[in-house]
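Visitor: give the three-dimensional model of this entry:
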Amino acid sequence: MKSFLPLVLTFIILASAIPSSVAQAQNLIIFVSDNEADLTIAAKVSELLNAELVVTPWGIYDPNLSAKIIDMDPSLVIIIGGPVAVVDRYSEDFQSFGVSYTRLYGENRVETAMKVIEFIKKDYPDILRGAKFFAVYGWDLGGILRLREIMKEDKSVIPVFVGPNTTNLPVTISGVIVTSNSEKIMGRFKVGNVRVIQAKITRDVALKAIEYAQMAIENAKEVSGDQELLNSAMTLFDLAKKAFSEGDYEKAYALAFASLAKAQKTIVLGNVGKDSTLVMKLKSQLRLMWALVFRLEVKGQDVSQATYYLKLAEKALEEGKIDEAIIYLEKAKDSLKERVKGRMKWEPVRGRGRGRP
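Guide: Coordinates of the predicted model:
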């Protein structure tokens with residue numbers, strides 16, 4: 001593990017407990033990518049709804065995460081972020097196993113945050129009483145990190161992200177976070193009694209930007225995207241590390257984000273065409289179900305029947321017997337569903353835009 005990669009790529013955060021009168025959903029999961037803006041508002045929503053937060057690397061599919069969520073047998077999964085950030089294969093997995101879900105997203109992270117706030121206002125209005133909304137530029141990591149610190153100190157603060165073209169907001173702003181990178185954009189929101197908080201691009205902020213870039217580069221290597229684009233991302237990353245070592249943190253920060261952008265573009269291009277054929281889709285389902293078998297087996301569940309059918313499906317795929325593989329995979333899935341659903345009572349779903357088949 002490289003020195004600039006201390007972060008864990010996937011993790012689960014247990015949200016802080018809130019009064020039972022506020023917790024309106026049971027066994028609720030918030031699913032989001034590690035995009036700094038989406039993750040910030042998702043963490044707040046998980047706290048407000050007393051939900052569990054599950055995080056996936058941006059643009060990357062991990063069948064182990066799908067298996068983990070399916071194994072939890074949630075009443076509802078709220079996906080925060082579009083299909084570029086949290087890829088569609090996750091929602092396809094949820095639908096396949098009868099897991100109810102809804103996806104909240106817009107064309108970018110700013111619109112995604114607005115959709116989340118609108119969702120909370122409509123479905124859970126009581127939990128916003130006494131809330132204070134603080135605005136920050138959606139692509140300003142320094143400002144976002146400062147806002148996270150404020151949110152830890154004041155639990156009533158909820159993030160609102162703005163972009164270059166943002167003019168109207170669905171809530172009243174109590175504070176704005178400003179850095180040298182966002183001064184011009186955030187200036188229009190510094191009106192009246194709005195609290196203005198200055199944030200700087202410090203050593204820690206630059207280091208965090210470098211960590212984000214490195215994670216994206218490592219993930220881009222896995223998806224086999226545009227090699228020239230990836231090489232460009234790696235070159236910028238090396239320059240960012242050099243600037244950091246020389247103490248030029250603003251330069252390191254800017255170079256790291258340029259590297260991140262190219263790495264993420266590599267991931268997007270690498271995802272094009274994935275699972276585009278029937279065989280590829282069946283192999284993806286096979287990986288998911290093996291991951292679920294492992295989780296259930298560790299918990300002492302009898303998965304011998306599912307294991308039997310999965311082995312037959314593997315053999316059928318190797319021999320090119322696609323129709324047989326489909327039949328065996330369906331039998332394995334039915335067996336796994338029985339094991340998951342049989343452990344607890346299925347709770348009725350709250351919310352809107354559900355993805356239950």
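
Visitor: shaky segments in this protein?
Guide: 1-26, 225, 273-276, 342-357 (pLDDT under 70).

Visitor: how is it carved up into domains?
Guide: 1-127, 130-200, 203-269, 278-341 (automatic domain parsing).

Visitor: Ser75 contacts Ser100, correct?
Guide: Yes: using C-beta atoms under 8 Å, Ser75 is in contact with Ser100, at 6.8 Å. Just so you know, the C-beta spots here come from the backbone N, C-alpha and C atoms, and that holds for glycine as well.

Visitor: one step back: I'd like the domains of the chain written out as JSON lines, with mean neighbour count added.
Guide: Compiled in JSON lines, those are given as follows (neighbours: other C-beta atoms under 10 Å):
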{"stretch": "domain 1-127", "mean neighbour count": "19"}
{"stretch": "domain 130-200", "mean neighbour count": "18"}
{"stretch": "domain 203-269", "mean neighbour count": "20"}
{"stretch": "domain 278-341", "mean neighbour count": "17"}
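
Visitor: would you map the strands across the chain?
Guide: Using DSSP state E, the strands of the chain run over residues 11-14, 28-33, 52-56, 76-80, 101-104, 132-137, 157-162, 173-178, 195-198.

Visitor: quick one: those as JSON lines, columns for distance to Asn231 too.
Guide: Formatted as JSON lines, these follow (distance: least, C-beta to C-beta, whole Å):
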{"stretch": "strand 11-14", "distance to Asn231": "30"}
{"stretch": "strand 28-33", "distance to Asn231": "24"}
{"stretch": "strand 52-56", "distance to Asn231": "26"}
{"stretch": "strand 76-80", "distance to Asn231": "32"}
{"stretch": "strand 101-104", "distance to Asn231": "33"}
{"stretch": "strand 132-137", "distance to Asn231": "30"}
{"stretch": "strand 157-162", "distance to Asn231": "31"}
{"stretch": "strand 173-178", "distance to Asn231": "35"}
{"stretch": "strand 195-198", "distance to Asn231": "37"}
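
Visitor: show me where the stretch 151-300 of the chain has its helices.
Guide: 183-186, 203-223, 227-245, 249-271, 278-298 (DSSP state H, counting those that start in this stretch).

Visitor: looking at the strands of the chain, which is closest to Asp126?
Guide: Among the strands of the chain, strand 157-162 comes nearest to Asp126, with 14.1 Å by C-beta to C-beta.

Visitor: chain center to the closest one: distance?
Guide: 17 Å (C-alpha atoms, centre = their mean, to the nearest Å).

Visitor: name the residues that touch it?
Guide: Residues outside strand 157-162 that contact it (C-beta atoms under 8 Å, 6 or more residues apart in numbering): 37, 40-41, 44, 109-110, 113, 117, 128, 131-138, 144, 147, 150-151, 169, 171, 173-175, 185-186, 189.

Visitor: stretch 206-225 too?
Guide: With C-beta under 8 Å, 6+ apart, stretch 206-225 has contacts from 2, 4-7, 9, 34, 36, 57-60, 141, 145, 230, 233-234, 236-237, 240-241, 244, 249-250, 252-253, 256-257, 259-260, 263-271, 274.

Visitor: what's the end-to-end length of stretch 42-56?
Guide: In stretch 42-56, first residue to last residue: 12 Å (C-alpha to C-alpha, to the nearest Å).

Visitor: hmm, I typed the wrong one, I wanted stretch 153-164.
Guide: Start-to-end span of stretch 153-164 (C-alpha to C-alpha) is 28 Å.

Visitor: quick one: distance of that stretch to the chain centre.
Guide: 18 Å.

Visitor: and for stretch 189-204?
Guide: Worked out by C-alpha atoms, centre = their mean, stretch 189-204 lies 26 Å from the chain centre.
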